[in-house]
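[1] Here's a sequence, model it:
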Amino acid sequence: MFTLEPLLSLLLLCLILHKENHCLRHSVLSAALVWAVLPVAMTEVLSLFRSLTFSWVSGLWGTVILILCFISLRFNKHAAVIGRLRVAKTSLMSGLLLLWMFLIVATVGLIAWVAPPNTTDSMTYHMSRVAHWIQNQSVSHYPTNILRQLYLTPGSEFIITHFQILSGGDRLANFVQWFSMVGSACGVSLIAKQLGAAARGQVLAGVVVTTVPMGILQASSTQNDYVVSFWLTCFVYFLILLKSKEVGQPIWPCSLAVGSDVWVLPS
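    Next up is the predicted model:
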(Lines give C-alpha, C1' and ligand atoms only; values in the text may rest on other atoms or scores of the structure.)
Protein backbone atom coordinates (compact mmCIF):
# COMPACT_ATOMS: atom_id res chain seq x y z
CA MET A 1 0.00 0.00 0.00
CA PHE A 2 2.69 2.49 0.99
CA THR A 3 4.56 1.66 -2.22
CA LEU A 4 1.75 3.29 -4.18
CA GLU A 5 2.32 6.69 -2.55
CA PRO A 6 4.91 7.93 -5.09
CA LEU A 7 2.85 6.60 -8.00
CA LEU A 8 -0.32 8.22 -6.68
CA SER A 9 1.46 11.54 -6.34
CA LEU A 10 2.60 11.25 -9.97
CA LEU A 11 -0.98 10.58 -11.08
CA LEU A 12 -2.24 13.62 -9.16
CA LEU A 13 0.44 15.79 -10.75
CA CYS A 14 -0.71 14.60 -14.18
CA LEU A 15 -4.26 15.71 -13.39
CA ILE A 16 -3.14 19.07 -12.03
CA LEU A 17 -0.80 19.88 -14.92
CA HIS A 18 -3.14 18.70 -17.65
CA LYS A 19 -4.38 21.39 -20.01
CA GLU A 20 -7.12 21.31 -22.59
CA ASN A 21 -4.72 22.07 -25.43
CA HIS A 22 -2.27 19.32 -24.50
CA CYS A 23 -2.54 15.57 -24.76
CA LEU A 24 -2.02 13.09 -21.94
CA ARG A 25 1.54 12.36 -23.05
CA HIS A 26 2.48 16.01 -22.54
CA SER A 27 0.96 15.95 -19.07
CA VAL A 28 2.91 12.82 -18.17
CA LEU A 29 6.23 14.42 -19.14
CA SER A 30 5.44 17.63 -17.25
CA ALA A 31 4.35 15.71 -14.16
CA ALA A 32 7.45 13.49 -14.26
CA LEU A 33 9.72 16.53 -14.25
CA VAL A 34 8.00 18.03 -11.22
CA TRP A 35 7.76 14.67 -9.48
CA ALA A 36 11.50 14.00 -9.84
CA VAL A 37 12.25 16.93 -7.56
CA LEU A 38 10.36 15.31 -4.66
CA PRO A 39 12.49 12.21 -3.89
CA VAL A 40 15.68 14.25 -4.29
CA ALA A 41 14.50 16.97 -1.90
CA MET A 42 13.13 14.46 0.62
CA THR A 43 16.30 12.38 0.58
CA GLU A 44 18.63 15.32 1.01
CA VAL A 45 16.63 16.87 3.85
CA LEU A 46 16.08 13.62 5.74
CA SER A 47 19.76 12.73 5.39
CA LEU A 48 20.74 15.88 7.24
CA PHE A 49 19.06 14.46 10.35
CA ARG A 50 19.82 10.78 9.64
CA SER A 51 16.09 10.20 9.31
CA LEU A 52 15.92 8.33 6.02
CA THR A 53 13.49 5.81 7.52
CA PHE A 54 10.18 4.23 6.58
CA SER A 55 8.11 6.41 8.89
CA TRP A 56 9.56 9.68 7.62
CA VAL A 57 9.60 8.73 3.95
CA SER A 58 6.05 7.39 4.06
CA GLY A 59 4.87 10.38 6.08
CA LEU A 60 6.36 12.88 3.63
CA TRP A 61 4.85 11.14 0.61
CA GLY A 62 1.51 11.05 2.41
CA THR A 63 1.79 14.78 3.07
CA VAL A 64 2.58 15.40 -0.59
CA ILE A 65 -0.49 13.41 -1.62
CA LEU A 66 -2.73 15.41 0.73
CA ILE A 67 -1.37 18.70 -0.64
CA LEU A 68 -1.81 17.56 -4.24
CA CYS A 69 -5.35 16.36 -3.52
CA PHE A 70 -6.18 19.77 -2.07
CA ILE A 71 -4.68 21.56 -5.07
CA SER A 72 -6.48 19.26 -7.49
CA LEU A 73 -9.86 19.73 -5.83
CA ARG A 74 -9.46 23.44 -5.08
CA PHE A 75 -7.74 24.85 -8.15
CA ASN A 76 -7.79 22.21 -10.88
CA LYS A 77 -10.74 22.70 -13.20
CA HIS A 78 -9.85 19.55 -15.11
CA ALA A 79 -10.20 17.03 -12.29
CA ALA A 80 -12.37 14.88 -14.57
CA VAL A 81 -9.63 14.51 -17.17
CA ILE A 82 -9.74 10.72 -17.07
CA GLY A 83 -13.44 10.70 -17.75
CA ARG A 84 -12.99 12.83 -20.85
CA LEU A 85 -10.12 10.89 -22.41
CA ARG A 86 -10.87 9.67 -25.90
CA VAL A 87 -9.06 6.98 -27.80
CA ALA A 88 -7.69 8.38 -31.04
CA LYS A 89 -8.68 6.58 -34.22
CA THR A 90 -5.81 4.64 -35.71
CA SER A 91 -5.30 2.60 -38.84
CA LEU A 92 -4.88 -1.16 -38.80
CA MET A 93 -1.12 -0.83 -39.24
CA SER A 94 -0.82 1.70 -36.41
CA GLY A 95 -2.93 -0.57 -34.21
CA LEU A 96 -0.65 -3.52 -34.91
CA LEU A 97 2.42 -1.41 -34.14
CA LEU A 98 0.85 -0.26 -30.87
CA LEU A 99 0.06 -3.88 -29.98
CA TRP A 100 3.64 -4.92 -30.75
CA MET A 101 4.98 -2.07 -28.62
CA PHE A 102 2.64 -2.99 -25.77
CA LEU A 103 3.76 -6.63 -25.87
CA ILE A 104 7.42 -5.63 -25.69
CA VAL A 105 6.86 -3.18 -22.84
CA ALA A 106 4.68 -5.69 -20.95
CA THR A 107 7.24 -8.46 -21.37
CA VAL A 108 10.08 -6.28 -20.15
CA GLY A 109 7.90 -5.17 -17.24
CA LEU A 110 7.22 -8.79 -16.31
CA ILE A 111 10.96 -9.52 -16.34
CA ALA A 112 11.58 -6.43 -14.20
CA TRP A 113 9.02 -7.70 -11.69
CA VAL A 114 10.11 -11.34 -11.56
CA ALA A 115 13.89 -11.01 -11.78
CA PRO A 116 15.65 -9.17 -8.93
CA PRO A 117 18.59 -6.86 -9.73
CA ASN A 118 21.39 -9.23 -10.69
CA THR A 119 23.87 -7.47 -12.97
CA THR A 120 27.43 -6.87 -11.83
CA ASP A 121 26.86 -3.14 -12.01
CA SER A 122 23.80 -3.44 -9.78
CA MET A 123 25.54 -5.55 -7.17
CA THR A 124 28.75 -3.52 -6.94
CA TYR A 125 27.36 -0.03 -7.38
CA HIS A 126 23.67 0.83 -7.83
CA MET A 127 22.05 -1.42 -5.23
CA SER A 128 25.04 -1.43 -2.91
CA ARG A 129 24.87 2.30 -2.31
CA VAL A 130 21.09 2.03 -1.78
CA ALA A 131 21.65 -0.62 0.92
CA HIS A 132 24.25 1.57 2.62
CA TRP A 133 21.98 4.61 2.56
CA ILE A 134 19.07 2.70 4.08
CA GLN A 135 21.33 1.17 6.74
CA ASN A 136 22.90 4.52 7.62
CA GLN A 137 19.59 6.40 7.27
CA SER A 138 21.56 8.99 5.33
CA VAL A 139 23.26 9.47 1.97
CA SER A 140 26.45 10.75 3.59
CA HIS A 141 29.74 9.19 2.55
CA TYR A 142 30.67 5.89 4.17
CA PRO A 143 33.78 3.65 4.15
CA THR A 144 34.03 1.68 0.90
CA ASN A 145 36.69 0.52 -1.54
CA ILE A 146 34.33 1.06 -4.49
CA LEU A 147 34.62 4.83 -4.74
CA ARG A 148 32.07 5.29 -7.49
CA GLN A 149 29.39 4.52 -4.90
CA LEU A 150 30.28 7.85 -3.30
CA TYR A 151 30.77 10.35 -6.10
CA LEU A 152 28.71 9.32 -9.12
CA THR A 153 25.38 11.08 -9.64
CA PRO A 154 22.72 9.52 -7.39
CA GLY A 155 19.37 10.66 -8.82
CA SER A 156 18.20 7.26 -10.06
CA GLU A 157 19.27 5.53 -6.87
CA PHE A 158 17.43 8.11 -4.75
CA ILE A 159 14.18 6.97 -6.38
CA ILE A 160 15.13 3.30 -5.93
CA THR A 161 15.86 4.02 -2.27
CA HIS A 162 12.35 5.38 -1.74
CA PHE A 163 10.76 2.39 -3.44
CA GLN A 164 12.92 0.01 -1.41
CA ILE A 165 12.14 1.72 1.90
CA LEU A 166 8.40 1.77 1.20
CA SER A 167 8.20 -1.79 -0.14
CA GLY A 168 10.71 -3.42 2.19
CA GLY A 169 12.59 -5.06 -0.67
CA ASP A 170 14.07 -4.63 -4.14
CA ARG A 171 10.99 -5.81 -6.05
CA LEU A 172 10.43 -2.37 -7.62
CA ALA A 173 14.07 -1.39 -8.11
CA ASN A 174 14.06 -2.28 -11.82
CA PHE A 175 10.94 -0.24 -12.53
CA VAL A 176 12.75 3.09 -12.45
CA GLN A 177 14.34 2.11 -15.75
CA TRP A 178 11.13 0.53 -17.01
CA PHE A 179 9.08 3.66 -16.39
CA SER A 180 11.84 5.63 -18.13
CA MET A 181 11.45 3.37 -21.16
CA VAL A 182 7.71 4.08 -21.30
CA GLY A 183 8.31 7.80 -20.77
CA SER A 184 10.95 7.90 -23.49
CA ALA A 185 8.52 6.32 -25.96
CA CYS A 186 5.92 8.97 -25.09
CA GLY A 187 8.46 11.77 -25.38
CA VAL A 188 9.91 10.64 -28.71
CA SER A 189 6.41 10.27 -30.17
CA LEU A 190 5.67 13.86 -29.09
CA ILE A 191 8.91 15.05 -30.69
CA ALA A 192 7.84 13.32 -33.89
CA LYS A 193 4.49 15.10 -33.62
CA GLN A 194 6.20 18.48 -33.28
CA LEU A 195 8.29 17.69 -36.36
CA GLY A 196 5.14 17.11 -38.38
CA ALA A 197 4.63 13.34 -38.14
CA ALA A 198 1.10 12.01 -38.42
CA ALA A 199 -0.37 9.45 -36.01
CA ARG A 200 1.34 6.52 -37.74
CA GLY A 201 4.69 8.32 -37.64
CA GLN A 202 4.31 9.02 -33.93
CA VAL A 203 3.50 5.38 -33.25
CA LEU A 204 6.46 4.26 -35.32
CA ALA A 205 8.75 6.60 -33.37
CA GLY A 206 7.56 5.00 -30.13
CA VAL A 207 8.11 1.52 -31.56
CA VAL A 208 11.69 2.39 -32.51
CA VAL A 209 12.39 3.49 -28.93
CA THR A 210 10.97 0.34 -27.37
CA THR A 211 12.75 -2.02 -29.77
CA VAL A 212 16.32 -0.79 -29.27
CA PRO A 213 18.14 -4.00 -28.19
CA MET A 214 20.25 -2.34 -25.50
CA GLY A 215 17.18 -0.48 -24.28
CA ILE A 216 15.23 -3.72 -23.87
CA LEU A 217 18.09 -5.23 -21.86
CA GLN A 218 18.52 -2.21 -19.61
CA ALA A 219 14.82 -1.47 -19.04
CA SER A 220 14.59 -4.41 -16.62
CA SER A 221 17.74 -3.51 -14.67
CA THR A 222 18.86 -0.87 -12.19
CA GLN A 223 21.29 0.84 -14.56
CA ASN A 224 20.51 4.50 -15.21
CA ASP A 225 21.09 4.97 -18.94
CA TYR A 226 17.38 4.89 -19.78
CA VAL A 227 16.65 7.37 -17.00
CA VAL A 228 19.11 9.81 -18.53
CA SER A 229 17.62 9.19 -21.98
CA PHE A 230 14.17 10.02 -20.63
CA TRP A 231 15.26 13.36 -19.15
CA LEU A 232 17.13 14.20 -22.35
CA THR A 233 14.00 13.37 -24.36
CA CYS A 234 11.96 15.67 -22.11
CA PHE A 235 14.48 18.47 -22.63
CA VAL A 236 14.42 18.14 -26.42
CA TYR A 237 10.63 18.07 -26.55
CA PHE A 238 10.10 21.10 -24.32
CA LEU A 239 12.92 22.95 -26.07
CA ILE A 240 11.14 22.44 -29.39
CA LEU A 241 7.96 23.83 -27.84
CA LEU A 242 9.89 26.78 -26.45
CA LYS A 243 11.56 27.52 -29.79
CA SER A 244 8.24 27.27 -31.57
CA LYS A 245 7.06 30.16 -29.39
CA GLU A 246 3.91 28.32 -28.42
CA VAL A 247 1.65 30.60 -26.43
CA GLY A 248 2.09 30.21 -22.69
CA GLN A 249 4.95 27.72 -22.93
CA PRO A 250 7.13 28.21 -19.81
CA ILE A 251 10.86 27.63 -19.58
CA TRP A 252 10.77 25.62 -16.33
CA PRO A 253 10.33 22.19 -18.01
CA CYS A 254 13.59 22.66 -19.91
CA SER A 255 15.36 23.73 -16.72
CA LEU A 256 14.08 20.77 -14.73
CA ALA A 257 14.96 18.36 -17.54
CA VAL A 258 18.55 19.61 -17.69
CA GLY A 259 18.87 19.50 -13.91
CA SER A 260 17.48 15.97 -13.73
CA ASP A 261 19.71 14.85 -16.59
CA VAL A 262 22.86 16.11 -14.84
CA TRP A 263 21.68 14.52 -11.58
CA VAL A 264 21.61 11.00 -13.10
CA LEU A 265 24.34 10.99 -15.74
CA PRO A 266 25.13 7.34 -16.52
CA SER A 267 28.27 5.68 -15.24
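[2] how close does residue 14 sit to residue 33?
    12 Å (C-beta to C-beta, to the nearest Å). Glycine gets a C-beta too; all of them are placed from N, C-alpha and C.
[3] immediately after the helix or strand encompassing residue 15, which helix or strand?
    Assigned by DSSP states H and E, residue 15 belongs to helix 4-17. Following helix 4-17 in sequence order, the next helix or strand is helix 24-48 (DSSP H and E).
[4] Off-centre distance for whatever helix or strand comes next after that next one?
    Downstream of helix 24-48, the next assigned helix or strand under DSSP H and E is helix 54-74. Relative to its parent chain, helix 54-74 has a centroid offset of 18 Å by C-alpha atoms, centre = their mean, to the nearest Å.
[5] all helices of the stretch 151-267 of the chain, in order?
    Ranges of helices in the stretch 151-267 of the chain, per DSSP state H, counting those that start in this stretch, are 155-167, 175-194, 199-210, 213-218, 225-243, 252-263.
[6] possible to save the ones you listed as JSON lines with mean neighbour count and mean pLDDT?
    As requested, those are exported to JSON lines (neighbours: other C-beta atoms under 10 Å; pLDDT from 0 to 100):
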{"stretch": "helix 155-167", "mean neighbour count": "24", "mean pLDDT": "95"}
{"stretch": "helix 175-194", "mean neighbour count": "23", "mean pLDDT": "96"}
{"stretch": "helix 199-210", "mean neighbour count": "19", "mean pLDDT": "94"}
{"stretch": "helix 213-218", "mean neighbour count": "15", "mean pLDDT": "93"}
{"stretch": "helix 225-243", "mean neighbour count": "21", "mean pLDDT": "92"}
{"stretch": "helix 252-263", "mean neighbour count": "18", "mean pLDDT": "80"}
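[7] Of those helices, which is nearest residue 91?
    Nearest of these to residue 91, taken as C-beta to C-beta: helix 199-210 at 6.4 Å.
[8] can you list contacts of the closest one?
    88, 90-91, 93-94, 97-98, 100-101, 104-105, 181, 184-186, 188-193, 197, 215-216 (C-beta atoms under 8 Å, 6 or more residues apart in numbering).
[9] where are the low-confidence patches of the stretch 1-150 of the chain?
    Scanning the stretch 1-150 of the chain for pLDDT under 70 picks out the ranges 1, 20-22, 76-90.
[10] please redo it, this time with the cut-off set to 50
    Applying pLDDT under 50 to the stretch 1-150 of the chain flags the ranges 79, 82-83, 85.
[11] angle of the helix holding residue 15 against helix 54-74?
    When axes from the mean of the first three to the mean of the last three C-alpha atoms, to 10 degrees is applied, the directions of helix 4-17 and helix 54-74 differ by 20 degrees.
[12] Ends of stretch 189-204, what's the gap?
    Counting by C-alpha to C-alpha, to the nearest Å, you get 8 Å between the two ends of stretch 189-204.
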